[in-house]
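*Asks:* let me see the structure of the following:
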Amino acid sequence: MPSDPLQNLVGARQLKAEPPDRKEFERLVQSGRARLADARRRENSWESRFDLAYNAAHALALAALRRAGYRSENRYLVFQCLAHTAALAAGDWRVLALAHERRNQAEYSGEYSIDERLLAEVIRAAELVLAKLVAAGPPK
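*Replies:* Coordinates of the predicted model:
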């Protein structure tokens, strides 16, 4: 019997098992949608657009994790779990993991190593997560 990677993370105390909450899920999806819409607005600065896209992706990734019945306090791990919570391809969740690294770099050192291509990839990956969440629907 194959092991469940998410349960393995619970055993390693990286995730907490917690029943899904439909209202929390819906709030996270709504937050992701709103931020994603603002991230697409070209009149916003690229720094703002990146922050919005990153935070949209995080809210949506967290919604996917919560839908699956888990919680994490580690932002990076939420993106890594997308392979299991939203069947996201490795290349797509790795874009979000890179965005996390670049976000931390900007947040803590003021150094923005972000370009239009990365911004576009973060928006595209967040849109993929949103589409998968919409297709799956809210938790029961």
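*Asks:* what's the distance between Asp38 and Ser72?
*Replies:* Distance, Asp38 to Ser72, by CB to CB, to the nearest Å: 25 Å. For the C-beta atoms, the positions are set from N, CA and C on the backbone; glycine is no exception.
*Asks:* compare these two (neighbour count), which wins?
*Replies:* Ser72 (20 against 16; other CB atoms under 10 Å).
*Asks:* pull out the buried positions in stretch 77-91.
*Replies:* 77-82, 84-86, 88 (16 or more other CB atoms under 10 Å).
*Asks:* Glu18 and Tyr70 touch, don't they?
*Replies:* Yes - at 6.6 Å, Glu18 and Tyr70 qualify as touching, with contact defined as CB atoms under 8 Å.
*Asks:* those two: which has the busier surroundings?
*Replies:* Tyr70 (25 against 13).
*Asks:* separation between that one and Pro20?
*Replies:* In terms of CB to CB, Tyr70 sits 9 Å off from Pro20.
*Asks:* where do the helices sit along this structure?
*Replies:* Counting by DSSP state H, the chain has helices at residues 5-11, 22-39, 46-67, 75-80, 82-85, 90-109, 116-136.
*Asks:* just those helices: most buried one?
*Replies:* Of all the helices of the chain, helix 46-67 carries the top mean neighbour count, a mean of 24, counting by mean count of other CB atoms under 10 Å.
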